[in-house]
Every structure is written in C-alpha cells, then in structure tokens.
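J.: Output the structure for:
(one chain, ligands or ions: 2)
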Amino acid sequence: MSAALNQVAGQHLIDIRKVSKSYFSGTVETQVLFGIDLAVPRGDFLAVMGQSGSGKSTLMNIFGCLDQATGGTYLLNGIDTLTLSRAELATIRNRTIGFVFQSFNLIKRMSVAENVALPLIYAGVARKQAHAKALVELERVGLKELAQRTPNQLSGGQQQRVAIARALVGDPPLILADEPTGNLDTQTSIDIMRSFQQLNEERGITILLVTHEPDIAAYSKRLMRLKDGRVLYDGPAAEGLRQLAQSHEQLASA
Ligand SMILES: Nc1ncnc2c1ncn2[C@@H]1O[C@H](COP(=O)(O)OP(=O)(O)OP(=O)(O)O)[C@@H](O)[C@H]1O
Ligand SMILES: [Mg+2]
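T.: Ligands and ions are numbered 1, 2, ... in the order given. This next block holds a predicted model:
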C-alpha cells in the first residue's frame, strides 16, 4: 500500500476546490460543473438539491471516485484523489464510502445476508466472518430475521434498508446516497430518512444525499442547491428550504 493512502486525521472528509467537469463528444465539450467549492467536515449531514440536469449526480459520482473532475482538486479524507491510480482509488473508495442507490441495486439471486456481506467478501474478509458482520448490520436496521430471504421477497423499504446495511458493513465514515427515497412512498421515505438521521447522530457517520423533495432534505443539517452546475446556496438546511419555498411562491404569483 502506498503512503499516499494513509489517512490524515483532523481534515475535512470531503474537500473540493474549484471542481469543474466537462463531457467530451468528439471535439464538442459540454461543461456541466463550474468551479464548485465544498468542504464537508466529519459528522455532517448534507442534502444536495437542484433541477434535473443541474449536475447533482455528476458531483456525487466525483465524490464517490466513480468519475474524475476535469479541473480543480478533490481531497477525500485528506488524500489527493487526482494523484491516485485506479487501483488506489478503488481501495480508498472501499474503505471510505458506502453507496446507497435509488434502485437499491441488490443482487436478486443472493440472500439478503449474502448481499450485505458482499463488500467484505470483495475486500478479502473470510466468508464466516463476513456473514457474522452482515448479521450485525442487519440487526441494526431491524431486518435480521429476513436474512435468508432473497431481495424480491422484501418490500421496497426493506430492500433499501438492506442496501443501507450493505453500505455500512465495512464501517465507512461516509455514506453517499443519490435519491435514496426516489422509489419509495412517503411513509417509507420518512422511515429511511430517520434511519439516516440515527446513523448520523449515533454513529457519527457523514451523510451526503441527493433529493428532489424539500420534505426529505429537511432531515439534513445542511443544504446545497445547484443550478446549472453552480452552487446557488450552501448553508443550514432550514434557511435554504425557506429560500426555496419563497422562490416557488414568487414563481407561482408571477
Ligand atoms: N456521460 C455523460 N456524457 C455527456 N453528458 C452527460 C453525461 N452524464 C451527464 N451528462 C449531462 O450532464 C448534466 C448533468 O447531469 P446529472 O446527471 O449530473 O444531473 P442531475 O442533477 O443528477 O439530474 P437528475 O435530477 O435528472 O438526476 C446533464 O445535462 C446531463 O445530460
Ligand atoms: Mg441525478
């Protein structure tokens, strides 16, 4: 393991400066992010909002080291991600980040317990040990008794809880979730947001999530609003949501 992967204590978990992102199609450049600055301390709970196409998923993919910025700098847990090889990026990603997706992304032919254990199996942990840790995480999300079922025998909300258990099984300090409640009804969405809140408050896990719903963003501490690839607002969630509601009122009365 190279020295570049050693964690630096006391730094922000995520620190991006002047991050830009362009997609290229032949010689045609389409810029979708313009000079984004964001520092996320450990223990933060940040919701990202913005219209469709504003760059939310693009930014989350950069945070998750699934894609790289075309300009600027990105320190993840104090590590300069732009200097890392693909293999090193995969290592820091596995150690640092748990992902939760809108469509759960569980493997249908595996049991719930096997799904949750999978990140540990990939990381080289012995099967028995991985399975035991998976059951601990399933118990924490209240689904231990469903461990032997397959994902299609669960409700959407239960599947998303399994996905949360899978995201947490390697004890990452950071959860990235792109529209985690996008496929869930209102009550189930509230339950999932309460789970995130509990993880944040009780285990100090840093959470970044994308949502279109002000009611969902209201569970976060901090809100970032994007517009056309630029930061429109970054601050306390309550104040940001108040401004958002006000701008909707102005539109409605115009
Ligand atoms: N691989 C790609 N190649 C070219 N353009 C892309 C690519 N991925 C995204 N884009 C463009 O980048 C812009 C931002 O896309 P992004 O997916 O980040 O939006 P978003 O805010 O997540 O939208 P939504 O709310 O619909 O999920 C869009 O205009 C999109 O068409
Ligand atoms: Mg998106």
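J.: switch to C-alpha atoms for all contacts and neighbour counts from now on
T.: OK.
J.: Now name the helix or strand holding residue 98.
T.: In this structure, residue 98 sits in strand 97-101 according to DSSP states H and E.
J.: Might you report the residue contacts of the nearest residue to residue 136 once chain neighbours are set aside?
T.: Nearest residue to residue 136, sequence neighbours excluded (Cα to Cα, 6 or more residues apart in numbering): residue 144, at 7.8 Å. Contacts for residue 144 (Cα atoms under 8 Å, 6 or more residues apart in numbering) come out as 135, 136, 138.
J.: what's residue 144 sitting at in phi/psi?
T.: phi -60, psi -40 (degrees, to the nearest 10).
J.: Which one (most neighbours) among the contacts of residue 144?
T.: Neighbour counts for those (other Cα atoms under 10 Å) peak at residue 138, which has 26 neighbours.
J.: Would you check how far apart that residue and residue 191 are?
T.: Distance, residue 138 to residue 191, by Cα to Cα, to the nearest Å: 16 Å.
J.: Then residue 217?
T.: 14 Å.
J.: buried set for whichever strand or helix holds residue 132?
T.: Element membership for residue 132 (DSSP H and E) is helix 127-140. Neighbour counts over helix 127-140 (16 or more other Cα atoms under 10 Å) mark 130, 131, 133, 134, 135, 136, 137, 138 as buried.
J.: which ones are touching the fifth one?
T.: To tie it back to what came earlier, the one meant is residue 135. So residue 135 contacts 113, 144, 147 (Cα under 8 Å, 6+ apart).
J.: Kindly recompute the last result at 7 Å.
T.: Contacts for residue 135 (Cα atoms under 7 Å, 6 or more residues apart in numbering) come out as 113, 144.
J.: what's the spacing between it and ligand 1?
T.: To ligand 1, residue 135 is 33 Å away according to Cα to the nearest ligand atom, to the nearest Å.
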